[in-house]
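Trainee: Curious how this folds, go ahead:
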Amino acid sequence: MPERGYTITFVDDGEVQWRNQHGIVIPNVPRSPPSHTGALPDQHRRQGLAIDAATVRTGHGDRMDLALAVDAIIGIMRSADRPVACADQRVRDQARGVS
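Mentor: Down below sits the predicted model:
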């Protein structure tokens, strides 16, 4: 059994079938068309887009506070009246590096 509970089986026609940790079949997707490493930058140039390292630079280069981000996501989920699928304190402790 691969990591995190995923399973691989061979079906009658010889195809490989993947299932996630909940037993749900993950559908096969067609292979992407052949490309090269410069394809996306070439497409951007043709579209007149100037995308570089500063394109999404925001803030002051501070490191993300993971615990604060997790708290914010949990708060958003609660305010949207959605169930939070994790044990809040355990996730906060992991984000803070507490065992």
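
Trainee: Any regions of this protein where pLDDT drops low?
Mentor: Segments of the chain classed as low confidence (criterion: pLDDT under 70) are 1-4, 80-99.

Trainee: Let's see that with 80 instead.
Mentor: The chain contains residues with pLDDT under 80 at 1-5, 12-15, 32-33, 53-54, 56-62, 74, 76-99.

Trainee: any idea where the strands of it begin and end?
Mentor: For the chain, the strands defined by DSSP state E occupy 7-10, 16-19, 25-26.

Trainee: which one of those strands is the most hemmed in?
Mentor: When those are scored by mean count of other CB atoms under 10 Å, the highest mean neighbour count falls to strand 16-19 (a mean of 12). Heads up, the C-betas are built off the backbone N, CA and C, glycines and all.

Trainee: Direction included, what does it pair against?
Mentor: Sheet pairing of strand 16-19 (DSSP bridges) gives strand 7-10 (antiparallel), strand 25-26 (antiparallel).

Trainee: out of all of them, which helix in the protein is the longest?
Mentor: Longest helix in the chain, counting residues (DSSP state H): helix 66-79.

Trainee: Could I get the buried residue list for it?
Mentor: 67, 70 (16 or more other CB atoms under 10 Å).

Trainee: burial measure for Asn28, as a count.
Mentor: Per other CB atoms under 10 Å, the neighbour tally for Asn28 reads 10.

Trainee: please renumber so the chain begins at 674
Mentor: With the count now opening at 674, the last piece we talked about shows up as Asn701.
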